[in-house]
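Chemist: starting from these lines, generate the structure:
(chains A and B)
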Amino acid sequence: MSLTEKIRSLLSENFPNSEVEVGPMRGASDDHLEICITSAKFNNLTLLEQHQMVMGVLKQEFQDALHAIRLKTLKKEES
Amino acid sequence: MSENNNPFNVVNPNVSEEHAQKVSNEIPTGFEESDTLKRIEKIIQASPIVIFMKGNAFFPQCGFSANTVAAFSNLGVEFKTYDILQDPELRQQIKDYSNWPTFPQVYVKGKLIGGNDIVMELYHSGELQQILN
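Modeler: Below you'll find the model as predicted:
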């Protein structure tokens, strides 16, 4: 499984009923990823807390193969 | 990495060295304290804006760190930087302290505001300027 697939799978598990997009970072090596998550889990959180929630999920990955991410978090309106 | 190929959302890399010198100031490695946790606490109190980064404002060793420095330079505010590449113990420990596994990490008035992506969001929305006022 590629790093991209592994991270996508890990984030999808941790952010159910959310949109999780993971892709390579343009112009960078494979251990740099771009991540965008739209989730209701962010709804009552500050921007810092939203990013910390994602960083918490990826903590071990940053110790292993993941080097850097660009992260965009969006709140999901309850339907 | 060439500029054409730069994956980072660079604000304005053309900050003059003179300007960078005026607004930046590197905190020396080991700053006043041998205990790592206490050192972190002293460093984040050393200036209203402290950037833990790879390298320093003149020679950033990472595109993300360079970009964050450029944002604060463009705002014309004073900030201090700390080179985590020179301090392996602090580099590890601050990840737990801040619950944040990457660099740069930006502290404003002693509190983490985030890494490069958050700085960029706040910079482009104008909120960064508000936080600093």
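
Chemist: which residue lies nearest the spatial centre of chain A?
Modeler: A:I35 (4.8 Å; C-alpha atoms, centre = their mean).

Chemist: A:E34 belongs to a strand?
Modeler: Yes. Applying DSSP: H, G, I helix; E, B strand; the rest coil, one finds A:E34 inside a strand.

Chemist: hang on, isn't it packed against A:G27?
Modeler: No. In this structure, A:E34 is not within contact of A:G27 by C-beta atoms under 8 Å, at 11.1 Å. For every residue, glycine as well, the C-beta is placed using N, CA and C.

Chemist: so for these two, which sits in the more crowded spot?
Modeler: More crowded of A:E34 and A:G27, by other C-beta atoms under 10 Å in any protein chain shown: A:E34, with 17 against 14.

Chemist: so what's that one bridging to?
Modeler: Beta bridges link A:E34 to A:G23, A:R70, judged by DSSP bridges.

Chemist: what's the spacing between it and B:F79?
Modeler: Distance check for A:E34 against B:F79: by C-beta to C-beta, to the nearest Å, it reads 27 Å.

Chemist: same question for A:Q50.
Modeler: With C-beta to C-beta as the criterion, A:Q50 and B:F79 are 24 Å apart.

Chemist: any chance you could map the helices in the chain?
Modeler: Answering for chain A, as no chain was given. Remark: helices assigned in chain A by DSSP state H are A:3-14, A:47-63.

Chemist: actually, chain B is the one I wanted.
Modeler: B:17-23, B:36-44, B:63-75, B:88-98, B:116-125, B:127-132.

Chemist: mind checking if the third one is in reach of chain A?
Modeler: Just to be clear, that refers to helix B:63-75. Yes. Judged by C-beta under 8 Å from any C-beta of the partner chain, helix B:63-75 and chain A are in contact via B:F64.
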